[in-house]
Structures are given as structure tokens and as C-alpha cells.
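>>> With the input below, show me the fold.
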Amino acid sequence: MAPFSRMCSVHATSIAASRVEQALSEVASSLQSSAPKQGPLHPWMTLAQIWLHAAEVYVGMCKPAEATACTQEAANLFPTSHNVLYMRGQVAELRGNVDEAKRWYEEALSISPTHVKTMQRLQLQRYSLSEKVLRDAVQVNSTAHDVWNSLGEVLQAQSNAAAATECFLTALELEASSPVLPFTIIPRAL
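Got it, this is the predicted structure:
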């Protein structure tokens, strides 16, 4: 019974993501037909973020075609956004194209050198470079438990057990106080 319920859960997630994508496409079409990015940027930025969140869901579901389509919708709104470039890297990585992913990540970092998620993804390429990039990421955001964990993994792979242990312990301490969702997504109601 458990495999069936898991399959239903994945199926329900897939249907929900598909419906969200369809609704977003309709909203984007109506916005684009009425005024091409005129007026305040906030609605356009929100729409791009929603497209990127949908792409992230599809990446998690291992559906690169759908993730690419959502990322392209966000790119149509903000082609030079570091978040769009980062997501393109994620999709390339999902497809197994590590070199293309690296290029997208490097381009994202050239626009936003302090984007921690991009720094984390680049650490997968080489250990020595990874250690430097992750140490830079820790300097930028010392409370990111996932960065500390990645740094521990790199140090462990380099046989530096003592430093790796310290990083893992720091990651555990920070994860305990880390919010489930980032505070930046909480709407300003005040």
C-alpha cells in the first residue's frame, strides 16, 4: 500500500505543478498582451519568481523539459537575472551536462558574486576550488547550514577529518535554528 500512496503523491504533485504552470502561462499572456513590462516591476518580479519556483519543483521531480519551459518563461521577463541563470545551471546539471551547468553558474556569479546557492553548486566541480568557493560563501552568509555542510563534505573528501568535523558540527547547530522557509517569502502586511 505504501508504494501506491507514494506514487499517488508524486502524481498529485505532478498534476498540481502542471495546473500552476498553466495558470501562470495564462497570467503571463494576459500581462504581456496588456503592457510589456510597463509600470512597477514588482508584479513582473513576482511572476518571474513564481516561474522559477515552478522550475525548481520540476527539477526536484526530475522533469528537465518542464523545468526548462518554466525557466524560459522567467528568462523572457528578466534574461540577465542571476536567479534565472542559476536555474538554467540546475536544469543543465539535471540533464547531466556539467560543463554547461558550470558556465551558467559562473555567469550567475558574474552578475551576483555573493549568490550562495550558486557558490554551492560550483563546489561540485573541483575540491581545491570548491573549498575556496565554500569558504567565500561562509564569509558571505555564516548562518547557512547547508554551506557549512558542503564545506565539511569537501574537507572530508580531502582527508581533513578534524576541519570537516568542525564544519559538520557548525552545520548541525545552525540547522537547528534555521527556518523551514526563508523569511524573505513572508509578505509585508504591516
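>>> got the domain boundaries for this structure?
Split into domains by automatic domain parsing, the chain comes to 43-113, 125-190.
>>> Most tightly packed of those?
Stretch with highest mean neighbour count among these: domain 43-113 (a mean of 19; mean count of other CB atoms under 10 Å). Where you see a C-beta, it was placed from the backbone N, CA and C, and this is true even at glycine.
>>> Tell me the helix or strand right after the helix or strand bottoming out on mean pLDDT in the chain.
Lowest on mean pLDDT, DSSP states H and E among the helices and strands of the chain sits helix 2-34, with a mean of 50. As assigned by DSSP states H and E, the chain's next helix or strand after helix 2-34 is helix 42-60.
>>> May I have that next one as CSV, with CA atoms only?
Below are the C-alpha coordinates for helix 42-60, written out as CSV (Å, rounded to 0.1, in the frame of the first residue of the first chain):
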residue,chain,number,x,y,z
HIS,A,42,7.1,44.2,-8.6
PRO,A,43,4.4,42.2,-10.3
TRP,A,44,6.9,41.2,-13.0
MET,A,45,9.5,40.2,-10.5
THR,A,46,6.9,38.2,-8.6
LEU,A,47,5.8,36.4,-11.7
ALA,A,48,9.4,35.6,-12.6
GLN,A,49,10.0,34.2,-9.1
ILE,A,50,6.9,32.0,-9.4
TRP,A,51,8.1,30.6,-12.7
LEU,A,52,11.5,29.9,-11.0
HIS,A,53,9.8,28.2,-8.1
ALA,A,54,7.8,26.0,-10.6
ALA,A,55,11.1,25.2,-12.4
GLU,A,56,12.6,24.2,-9.0
VAL,A,57,9.6,21.8,-8.4
TYR,A,58,10.2,20.2,-11.8
VAL,A,59,13.9,19.9,-11.1
GLY,A,60,13.0,18.1,-7.9
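>>> what separates that helix from the chain centre, distance-wise?
In this view, helix 42-60 has its centroid 10 Å away from the chain centroid, taken as CA atoms, centre = their mean, to the nearest Å.
>>> elements contacting the helix or strand following it?
Remark: after helix 42-60, the chain's next helix or strand is helix 64-77, criterion DSSP H and E. Applying 3 or more CB pairs under 8 Å, 6 or more residues apart in numbering; DSSP states H and E, one finds that helix 64-77 makes contact with helix 2-34, helix 42-60, helix 82-94.
>>> Low-confidence regions, the protein specifically.
Within the chain, the stretches falling below the threshold (pLDDT under 70) are 1-39, 124-126, 181-190.
>>> ok, 90 please
Judged by pLDDT under 90, the chain has its weakly predicted residues at 1-45, 96, 98-99, 112-133, 153-154, 156-159, 176-190.
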